[in-house]
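Chemist: Got a predicted model here, sequence first, then my questions.
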Amino acid sequence: MDVIKKILEIEGYSSVEEIPMTDAITVSAPGFMDLTIEKVGEDRVSVAHYFKQNGDLMADPEVVFDTADGWVPVQYRQDPVIRQVDESGLNIKSFLDTWNSNLRSQGFVDAAEADAE
C-alpha cells in the first residue's frame, strides 16, 4: 500500500511506530468517502472508508494490517456482511493492488499534500 505509506510520510511519520495510538489521519478527496488511517495496536494499522447507516459507523472497506514484518493484511471488513480475519495474512493482494491504484487516481495523495501545506 504505497499510497498509505506516502500519506503517512506526508503527515510526518517515517514509520508506524511513530503514530500515536490516539491519532487518526483523515484525508478528504472531493467526490469520494474520506480515507482514515489509524494505529489500532502496537503493530496494527487500520485503513478504511467509513459511512454512517442508521447511526452506526460502517466500513466500506476497512483493512487492518500487521506491520511487524511488512504490511500484512490480517482483517478485511466490508459492512454489513463481509468480515475476514486471518492472523497469518489474508490472500487479498489483487484487491489491495486495485484499491491502492484507485486511491492514487482518486487524488488522496494530492489531497494529503494540499492539507500539509
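Modeler: Received the coordinates, thanks.
Chemist: Below-threshold pLDDT in the protein: ranges please.
Modeler: Low-confidence segments of the chain (pLDDT under 70): none present.
Chemist: At the geometric centre of it, which residue do we find?
Modeler: Val47 (1.6 Å; Cα atoms, centre = their mean).
Chemist: which residues touch the strand or helix carrying that one?
Modeler: For Val47, the element it lies in under DSSP states H and E is strand 44-53. Residues outside strand 44-53 that contact it (Cβ atoms under 8 Å, 6 or more residues apart in numbering) are 1, 4, 16, 19, 32-40, 57-67, 71, 74, 77, 79-80. C-beta coordinates here come from the backbone N, C-alpha and C atoms, glycine included.
Chemist: Got the phi and psi for the most far-flung residue of the chain relative to its centre?
Modeler: Most distant from the centre of the chain: Asn54, at 23.3 Å, with distances by Cα atoms, centre = their mean. Main-chain dihedrals, Asn54, degrees, to the nearest 10: phi 50, psi 40.
Chemist: Buried ones in the longest helix seen in the chain, by neighbour count?
Modeler: The longest helix of the chain (DSSP state H) is helix 93-105. By neighbour count on 16 or more other Cβ atoms under 10 Å, the buried set for helix 93-105 is Leu96, Trp99, Asn100, Leu103.
Chemist: so what's the first one up against?
Modeler: Residues counted as contacts of Leu96 (Cβ under 8 Å, 6+ apart) are Met1, Val63, Pro73.
Chemist: do that again at 10 Å, thanks
Modeler: Met1, Ile4, Val47, Val63, Phe65, Trp71, Pro73, Tyr76, Leu90 (Cβ atoms under 10 Å, 6 or more residues apart in numbering).
Chemist: The last one - how many residues pack around it?
Modeler: By other Cβ atoms under 10 Å, 19 other residues sit near Leu90.
Chemist: do the same with Phe108
Modeler: Using other Cβ under 10 Å: Phe108 sits among 21 other residues.
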